[in-house]
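Peer 1: Got a predicted model here, sequence first, then my questions.
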Amino acid sequence: MRALLHEDNINEAYYPFFQSTHRYVNLRGGSGSSKSWTVGQKVLFWLLNPYGHREKILALRKVGTTLRNSIFALLKSQIELYRLDVQFKSTTMSFHAKNGNEIILAGVDDPEKLKSISGVTKVWMEEATEFSEADFNEIDRRIRGHVDGFYQIILSFNPIHEKHWIKKRFWDSPEEGGRYNPKKMFNLITTFKDNKFIDQEYKEIMMEIPPSHPDYRIYVLGEWGIEQNDNMWLYAFNYDKHVKEKLPFLPTYEVYLSFDFNKDPLTCTAYQKSPNMGDPHSFINILKEFGGKQVLKDLCKEIKMTFPSSILYVTGDSSGNTEGVVGYESIHDSAYSLIRSYLDLQPKQIQPNTSNLHFENSRLLMNQMFAQYPNLSISKEGCPNFINDCTIATIDEKSHKPHTLKKDREIYKMDYFDGGRYFFQKYFHDFARTNYFNIKNKSA
């Protein structure tokens, strides 16, 4: 037992996982992060429980035929490695300890076997993204009644897709439309960098995956996968070219703020740019995003705290010019007049668009800037949502107008991206039209 969970045999990143008694535990991670091995250690600890608790542990895969070469083989190798006093039966793929505890392996595709199993105290759902939410609900309902210790369901998986039900149910906050509850749920993200036992050759293989490759997010970073975008709105966006780990804040340069005025989220993104547009050393740095389900006053406070000494200029959605919106302090207020007040700005520092470009012209502008501007960079640390929007921005095939940007209030909110469109329209439309393309000045 001591050898099984000795600090020399476990990765430090998983210490909170071993301590968790939450009902629902999510281990989300990249390839080589030691998720399965670590769950196996905890499951065998439960089996040999030194506290005298009776445990019946159910280890599941979606398809039963995958069990023998995955969970069964893993637990068997750990029993042999740590010389544990555990008996196993290859015919039934089950494990038994002298204290009466047992581990039973089953596939959800064998409902009759599942129905015959009662008294389950712990569940391990390996490759949990293979399961449907209906599968999970059925499993969850089977764990009930009195137990000496605590009930727990462990879900271990690679985060294959951001639209998966697991993300919404266990990772997204109620404000994001999800059901995450810290009192019931424990979530942990790990990557191969958290695995001290991994060999150097494997690390080098992982690091050779380019950031632009879809596998990079999932298997290297342990982040949710994004649906392949075959109809990119921002086709000139290149992750390797445009995304930088960090960008320096330049205190002698002005900060440009571009707002989009939806309530959830209300967004603003901060930019810095050089005055000499288009020369080989000119730059546009997209530094930091602000946003969430918050009021304009609080958002402005956050901006002011971030840039306390900077000269600020404000632009954004033309809808912010409208006066008398419900919730404003008077009928003469607009979003921009409130921003001016909250940030203590002069009138000349408020520079909103009077109207928004049609999508066709906005798309042409954005792609020309991303393709041709000498140095256009986005901070990975400061702008994760903006980068995500650039990646998933796609043509709305249901629209009768060409080049329409797909939007909804779920995956394709595009609020951070809209702020970017307004920024480039305000400060680079005339420049790009003169230097890169001939465009009619149509606006919406």
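Peer 2: Nice, thanks for sending it over. Residues are numbered from 1 along each chain as shown.
Peer 1: ends of stretch 284-302, how far apart?
Peer 2: Terminal residues of stretch 284-302 are spaced 22 Å apart (CA to CA, to the nearest Å).
Peer 1: buried stuff in it?
Peer 2: 284-291, 294, 296, 299-300 (16 or more other CB atoms under 10 Å). C-betas here are computed from N, CA, C, even on glycine.
Peer 1: State which helix of this protein is the longest.
Peer 2: helix 415-435 (DSSP state H).
Peer 1: pLDDT of that helix, averaged?
Peer 2: For helix 415-435, mean pLDDT rounds to 96.
Peer 1: List the buried residues in it.
Peer 2: 415-429, 432-433.
Peer 1: So if we follow the domain assignment, how does this structure break up?
Peer 2: For the chain, automatic domain parsing gives the domain ranges 7-207, 239-435.
Peer 1: Give the next helix or strand downstream of the lowest-mean-pLDDT helix or strand in the chain.
Peer 2: Least confident helix or strand, the chain: helix 111-115 with a mean of 71, by mean pLDDT, DSSP states H and E. Beyond helix 111-115 on the C-terminal side, the first helix or strand identified by DSSP states H and E is strand 122-126.
Peer 1: Give me the residues contacting that next one.
Peer 2: For strand 122-126, the surrounding residues in contact (CB atoms under 8 Å, 6 or more residues apart in numbering) are 36, 39, 43, 46, 55-61, 70-71, 131, 136, 139, 143, 151-156.
Peer 1: swap in stretch 273-290?
Peer 2: Applying CB under 8 Å, 6+ apart, the contact partners of stretch 273-290 are 247-250, 253, 255-256, 267-272, 299, 302-303, 306, 369, 373-379, 382-386, 416, 420, 427-428, 431, 435.
Peer 1: Each with direction, which strands does the host helix or strand of Ile189 pair with?
Peer 2: Assigned by DSSP H and E, Ile189 belongs to strand 185-190. Listed by DSSP bridges, the sheet partners of strand 185-190 and their directions read strand 24-29 (parallel).
Peer 1: List only buried entries from the contacts of stretch 273-290.
Peer 2: Neighbour-count burial within these applies to 247, 249, 253, 255-256, 267-272, 299, 303, 369, 373, 376-379, 382-383, 385-386, 416, 420, 427-428; the criterion is 16+ other CB under 10 Å.
Peer 1: Go through the residues you listed and flag which are in helices.
Peer 2: Those of these lying in helices (DSSP H): 299, 303, 369, 385-386, 416, 420, 427-428.
Peer 1: now, the most widely separated pair of those residues?
Peer 2: Farthest apart among those by CB to CB are Leu299 and Met369. That separation is 25.9 Å.
Peer 1: now that we're looking at Thr267, how far away is Asp430 from it?
Peer 2: According to CB to CB, to the nearest Å, Thr267 and Asp430 sit 25 Å apart.
Peer 1: scratch that, Glu410 is what I was asking about
Peer 2: Per CB to CB, Glu410 is found 35 Å from Asp430.
Peer 1: Leu365 now?
Peer 2: From Leu365 across to Asp430, the span is 10 Å (CB to CB).
Peer 1: Listing request: residues of the stretch 101-250 of the chain with sub-threshold pLDDT.
Peer 2: 113, 212, 227 (pLDDT under 70).
Peer 1: so where do the strands sit in it?
Peer 2: Using DSSP state E, counting those that start in this stretch, the strands found in the stretch 101-250 of the chain span residues 102-107, 122-126, 152-157, 185-190, 243-244.
Peer 1: Save those strands as TSV, and put in mean neighbour count too.
Peer 2: Output for the strands of the stretch 101-250 of the chain, formatted as TSV (neighbours: other CB atoms under 10 Å):
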stretch	mean neighbour count
strand 102-107	20
strand 122-126	24
strand 152-157	22
strand 185-190	18
strand 243-244	18
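Peer 1: Just tell me which of those strands ends up closest to Glu208.
Peer 2: Using CB to CB, the nearest of the strands of the stretch 101-250 of the chain to Glu208 is strand 243-244, at 17.9 Å.
Peer 1: now the helices: where do they sit in the stretch 101-250 of the chain?
Peer 2: 111-115, 133-141, 165-166, 200-207, 214-215, 239-242 (DSSP state H, counting those that start in this stretch).
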